[in-house]
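Student: no sequence on this one, just coordinates:
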């Protein structure tokens with residue numbers, strides 16, 4: 001069977017432009033986030049803000065299957081799995097990332113007080129218990145979102161969205177979304193991957209003679 005794999009110039013340019021705005025030094029690290037809705041919502045926000053790659057430590061039952069909340073974001077945001085928290089965070093810190101945990105503690109500061117223009121990994125914990133003691137100890141800073149109601153916390157995906165959009169605001173003001181050179185790595189490689197994947201998904205059979 002023969003297939004048609006055409007891509008319009010407009011679609012190709014959109015892929016190039018989007019890939020070149022990806023932030024290779026802004027990421028999210030999820031520690032045992034196990035609800036499908038939350039995992040999907042976090043990845044969707046990562047895509048919207050331009051995060052290139054997210055990280056996750058699976059829970060005891062593995063990572064949940066993504067539901068429709070993701071809206072296909074998993075095709076545009078790579079999700080890297082780590083065997084354990086310590087290994088994952090140490091790998092990020094070795095690459096120069098500051099690990100910032102959404103965690104209430106004596107040293108926690110307002111989430112808007114952090115400089116997100118530097119390489120930053122936002123660390124999120126489980127929906128019920130938050131991050132582990134090991135993750136809290138390994139992180140460079142703790143942040144909180146001010147609460148003025150009767151409830152004491154936000155849904156993990158909502159908290160992630162607020163923090164990421166503050167990071168986006170700071171980075172936009174610093175002209176970090178102006179666009180990278182599409183001929184340079186890692187954006188060149190990302191463009192090639194996205195175009196190949198998009199073409200593969202768009203394959204449609206041509207009518208038989």
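Tutor: On my side now, so go ahead. Owing to the predicted nature of the structure, the values given are computational and were not obtained by experimental measurement.

Student: CA atoms for contacts and neighbours, from now on please.
Tutor: Noted.

Student: Residue 97 touches residue 122, doesn't it?
Tutor: No: Residue 97 is beyond contact range of residue 122, at 9.7 Å (criterion: CA atoms under 8 Å).

Student: Neighbour count: those two, which is higher?
Tutor: residue 122 (26 against 20; other CA atoms under 10 Å).

Student: and that one, that's in a strand?
Tutor: Yes: applying DSSP: H, G, I helix; E, B strand; the rest coil, one finds residue 122 inside a strand.

Student: List the contacts of it.
Tutor: 27, 28, 29, 99, 100, 101, 102 (CA atoms under 8 Å, 6 or more residues apart in numbering).

Student: is it possible to export the residues you listed to CSV including distance to residue 188?
Tutor: Formatted as CSV, the contacts of residue 122 follow (distance: CA to CA, whole Å):
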residue, distance to residue 188
27, 19
28, 22
29, 24
99, 27
100, 29
101, 31
102, 33
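
Student: now the strands for this protein?
Tutor: 3-4, 26-31, 53-57, 78-81, 98-102, 109-110, 120-124, 141-144, 204-205 (DSSP state E).

Student: so which of those strands comes closest to residue 182?
Tutor: Residue 182 lies closest to strand 53-57 among the strands of the chain, at 17.5 Å (CA to CA).

Student: who touches the closest one?
Tutor: So strand 53-57 is contacted by 24, 27-33, 43, 46, 77-85, 88 (CA under 8 Å, 6+ apart).
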